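K.L.:
model this:
(2 chains)
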2 protein chains.
Amino acid sequence: MSNTFLIFEQRTKENLRALLTKCKQNQCNFRPHFKTHQNPVVSQWFMQEGVKSITVSSLDMAYQFAQEGWEDIFIAFPLDINEVEELEKLASMINLRILITHSSQIQALENLNVALEFMIEVDVGYHRSGIPFQSYQQVLSLIEESHNNKNLIFSGLMAHFGNTYQARSQQQIKGIAEKSMNRLVDLGTRIERERGEFVYLSIGDTPSASILNDFVGIHELRPGNFIFYDQMQLQIGSCDLQRIAAVMECSVVDKYEDRLIIHGGAVHFSKEISDYQNVRNYGFLVDTSGAEWKLHKSYLSSLSQEHGTVFLAEEERTLFEHGSQVHILPVHSCLTANLMKNNFTIIG
Amino acid sequence: MSNTFLIFEQRTKENLRALLTKCKQNQCNFRPHFKTHQNPVVSQWFMQEGVKSITVSSLDMAYQFAQEGWEDIFIAFPLDINEVEELEKLASMINLRILITHSSQIQALENLNVALEFMIEVDVGYHRSGIPFQSYQQVLSLIEESHNNKNLIFSGLMAHFGNTYQARSQQQIKGIAEKSMNRLVDLGTRIERERGEFVYLSIGDTPSASILNDFVGIHELRPGNFIFYDQMQLQIGSCDLQRIAAVMECSVVDKYEDRLIIHGGAVHFSKEISDYQNVRNYGFLVDTSGAEWKLHKSYLSSLSQEHGTVFLAEEERTLFEHGSQVHILPVHSCLTANLMKNNFTIIG
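P.N.:
Numbering: from 1, shown residues only, chains lettered A, B, ... in the order given. So this is what the prediction gives:
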């Protein structure tokens, strides 16, 4: 095998337990996002720690994890109205929660024959999907509209603070996360007052979940990337190198004075680029041989479909030979893990 | 199904026949690169046209196509010396050709028990892998070294003109391709003179294969991307819009005044970015409803793992609704096709 995705069991479990503890301290439900690992072994580690509810980002992924025994799944992706039939089938098998952002989705569910929970997505500053947090009336009328359908159960508001990925320090993460959280809590409180009913609030992004300690007013956390972290999280300030739990291992297939060619390209890493440490790179080489990992100065400078070109720092030119295995910190572990779903190795 | 990779059969077959004709006119062997489509249906279309030999970029892919009935496969990727055992197994089943760039690879094959062809890669200007074209002596000593192993059969020189991807006009493609080709032919001729033996020369990149008409001195063409083309090839000048043969079809799951959210993210498109028409984009929307395709002005402006955000041009804001299917021209069809291997639709 000329490459594999290495998952370090101890570090992965430590990351898992750290978030579990934080959720317990905050009396939050933990509903980890499984899009990061999509892995049956890692999935079992969550079960062993008593996790019961998970998040996924597609109906396909929901089916996959339902087959692996998960019975409480949230598809945190706006409902595709073309998929109602397959959705209904799954909802008859497990406790399924979906995501609504628009009235057309409620209309598409009018003939629903099975109970289905839904959340409304609120845009608290990221500006991807969701009803803007200022549009109180719009959120309220979606809830009202859903009451025409006895099978559709409103289960709260959710937000994704994707803009924390623009932070470059823990202070910045904290600033964005607290502002976003306040917007969601304020909206939830207002709706509670109006309707006289408790409103459940769910948030989820790794930077916030890693850096904040207090989640007052929030009932559920859905981070995903925290399980492995990656170079992007290191750059943002969500983690340090010793919490990263997965790397790519690739064979050196060719060597020149200033570069290596490895069997690891865009079909393995995906093509996420970074400017970590002011170096335009697709991943830094890392020494994982000791308990403390060490970053090398050499890095992946370009990716073809299967070839990766490693720029060799001058002082590291004798470290690697034809046939050596190099370890590389992916820029975005979710995308790498997705590509390496069928080719991973657990380091126990 | 909320997204699929649409393969347009007629256009694909026209692309295939155009290259076949060009190879026949030049008396070149056609050894198409299958890394682009990796598709069992498209693979059959090649067989139906009489193609017998193919190129792949990994041992895994070689196994896949051997299982589909291909008996003459070139792995155009520098040999990983860790994979000799699996390689030998495959070489005992089909006519396998591998790629050598360094003496360590010949040493790793010293106990080879089965006949195996190899090519030497020459770097004619791309500077990824291969022996620099000026290093005549180095190429020659690799050939000599291989003679110590009776099972190792030197079958010629190969080059990949990957630098044609930096071109932005047909004139520039022509310039790079002709310079590269001359370097390879000169080296081949010099070795023929020295050794008194014919030297087979193989080249392969879609821009050169699409734009050049004469391949004097070249014996084999290995393009891959030409089968579908994509936005990158359009930008380079290798093709026009009417030769592009594959797009992504994605559901609109959400709509705002200035943008759509589609179910198509980095796990579907990969994360190749382009500045085609001076617009930083991950793919332009395209109208494929008529015989002549038309590019929209709207484009994929950002990609998360599963979400794609489409920037909506002002005049196109009423074209798409919740649940609509949009068609998107991928920046790099090879990477998209790889991700969509198990989710494609043939448009007959």
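
K.L.:
what's the spacing between the residue nearest to A:R243 when sequence neighbours are not counted and B:Y165?
P.N.:
Nearest residue to A:R243, sequence neighbours excluded (Cβ to Cβ, 6 or more residues apart in numbering or on different chains): A:Y229, at 5.4 Å. Just so you know, the C-beta spots here come from the backbone N, C-alpha and C atoms, and that holds for glycine as well. Distance, A:Y229 to B:Y165, by Cβ to Cβ, to the nearest Å: 33 Å.

K.L.:
Pick out whichever of the two has more residues nearby.
P.N.:
With neighbours defined as other Cβ atoms under 10 Å in any protein chain shown, A:Y229 and B:Y165 compare such that A:Y229 has more, 27 against 20.

K.L.:
What are the boundaries of the helices in chain A?
P.N.:
Under the criterion DSSP state H, chain A contains helices at A:9-25, A:40-48, A:59-67, A:84-91, A:103-108, A:136-146, A:170-195, A:206-211, A:231-236, A:266-269, A:333-339.

K.L.:
number of nearby residues for the residue of the stretch 101-250 of chain A found nearest chain B?
P.N.:
Relative to chain B, the nearest point of the stretch 101-250 of chain A is A:S104 (4.2 Å; Cβ to the nearest Cβ). Neighbour count of A:S104, defined by other Cβ under 10 Å: 16.

K.L.:
Make sure it is actually in contact with B:H322.
P.N.:
Yes. Counting by Cβ atoms under 8 Å, A:S104 does reach B:H322; the two are 4.2 Å apart.

K.L.:
Identify the contacts common to these two.
P.N.:
Common contacts of A:S104 and B:H322 (Cβ atoms under 8 Å, 6 or more residues apart in numbering or on different chains): A:I81.

K.L.:
residue with max distance from the center of chain A?
P.N.:
Residue farthest from the centre of chain A, counting by Cα atoms, centre = their mean, is A:E257 at 38.3 Å.

K.L.:
and the closest residue to it other than its chain neighbours, what are its phi and psi?
P.N.:
Excluding its sequence neighbours, the residue lying closest to A:E257 (Cβ to Cβ, 6+ apart) is A:R317, at 7.1 Å. Phi and psi for A:R317, reported as degrees, to the nearest 10, are phi -70, psi -20.

K.L.:
neighbours around A:R317, how many?
P.N.:
A count of nearby residues for A:R317, using other Cβ under 10 Å, gives 15.

K.L.:
now A:N82
P.N.:
Neighbour count of A:N82, defined by other Cβ under 10 Å: 18.

K.L.:
quick one, what contacts it?
P.N.:
Each residue near A:N82 by Cβ under 8 Å, 6+ apart is listed here: B:1-2, B:251, B:323.

K.L.:
how about the helices of chain A in TSV, adding mean pLDDT and distance to B:F65?
P.N.:
Shown next, in TSV, are the helices of chain A (pLDDT from 0 to 100; distance: least, Cβ to Cβ, whole Å):
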stretch	mean pLDDT	distance to B:F65
helix A:9-25	98	35
helix A:40-48	98	28
helix A:59-67	98	26
helix A:84-91	97	32
helix A:103-108	98	42
helix A:136-146	96	51
helix A:170-195	97	47
helix A:206-211	98	39
helix A:231-236	97	34
helix A:266-269	98	16
helix A:333-339	98	20
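
K.L.:
Ok, which of those helices comes nearest B:R17?
P.N.:
helix A:266-269 (27.9 Å; Cβ to Cβ).

K.L.:
Touching that closest one from outside, list them.
P.N.:
Helix A:266-269 has contacts (Cβ under 8 Å, 6+ apart) with A:3, A:248, A:250, A:282-283, A:300, A:303-306, A:308, A:328, A:330-331, A:335-336, A:339-340, B:270, B:272, B:335, B:338.

K.L.:
do that again at 6 Å, thanks
P.N.:
If you take Cβ atoms under 6 Å, 6 or more residues apart in numbering or on different chains as the criterion, helix A:266-269 is touched by A:3, A:282, A:303, A:305, A:330, A:336, A:339, B:335, B:338.

K.L.:
now swap in stretch A:184-199 and tell me
P.N.:
For stretch A:184-199, contacts defined as Cβ under 6 Å, 6+ apart pick out A:122, A:124, A:133, A:156-157, A:159, A:201, A:217.

K.L.:
Count the neighbours of A:A266 for me.
P.N.:
25.

K.L.:
Tell me how far A:M93 lies from chain B.
P.N.:
For A:M93, the distance to chain B (Cβ to the nearest Cβ, to the nearest Å) stands at 19 Å.

K.L.:
Which positions in chain A make contact with chain B?
P.N.:
A:2, A:35, A:57-58, A:77-78, A:80-83, A:101-102, A:104, A:129, A:251, A:253-254, A:261, A:263, A:266-267, A:270-272, A:305-306, A:322-323, A:334-335, A:338 (Cβ under 6 Å from any Cβ of the partner chain).

K.L.:
Might you calculate how far stretch A:129-143 sits from the centre of the chain?
P.N.:
Centre-to-centre, stretch A:129-143 and its host chain are 25 Å apart (Cα atoms, centre = their mean, to the nearest Å).

K.L.:
Output it as CSV - backbone C-alpha positions only.
P.N.:
Listed next in CSV are the C-alpha coordinates belonging to stretch A:129-143 (Å, rounded to 0.1, in the frame of the first residue of the first chain):
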residue,chain,number,x,y,z
SER,A,129,-27.7,29.2,4.6
GLY,A,130,-30.3,30.0,7.2
ILE,A,131,-32.9,32.6,8.0
PRO,A,132,-31.1,35.9,9.1
PHE,A,133,-31.2,36.2,12.9
GLN,A,134,-32.9,39.6,12.5
SER,A,135,-35.9,38.0,10.7
TYR,A,136,-37.8,37.1,13.8
GLN,A,137,-41.1,37.1,12.0
GLN,A,138,-39.9,34.8,9.3
VAL,A,139,-38.8,32.2,11.8
LEU,A,140,-42.1,32.5,13.7
SER,A,141,-44.2,32.0,10.6
LEU,A,142,-42.2,28.9,9.6
ILE,A,143,-43.0,27.4,13.0
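
K.L.:
buried stuff in that stretch?
P.N.:
For stretch A:129-143, burial by neighbour count (16 or more other Cβ atoms under 10 Å in any protein chain shown) applies to A:129-131, A:133, A:139-140, A:142-143.

K.L.:
Which residue in the contacts of A:N82 has the weakest pLDDT?
P.N.:
For the contacts of A:N82, the model is least confident at B:M1; its pLDDT is 79.

K.L.:
could you dump the helices of chain A to JSON lines with distance to B:K13?
P.N.:
Formatted as JSON lines, those follow (distance: least, Cβ to Cβ, whole Å):
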{"stretch": "helix A:9-25", "distance to B:K13": "48"}
{"stretch": "helix A:40-48", "distance to B:K13": "40"}
{"stretch": "helix A:59-67", "distance to B:K13": "31"}
{"stretch": "helix A:84-91", "distance to B:K13": "33"}
{"stretch": "helix A:103-108", "distance to B:K13": "38"}
{"stretch": "helix A:136-146", "distance to B:K13": "48"}
{"stretch": "helix A:170-195", "distance to B:K13": "52"}
{"stretch": "helix A:206-211", "distance to B:K13": "46"}
{"stretch": "helix A:231-236", "distance to B:K13": "42"}
{"stretch": "helix A:266-269", "distance to B:K13": "26"}
{"stretch": "helix A:333-339", "distance to B:K13": "30"}
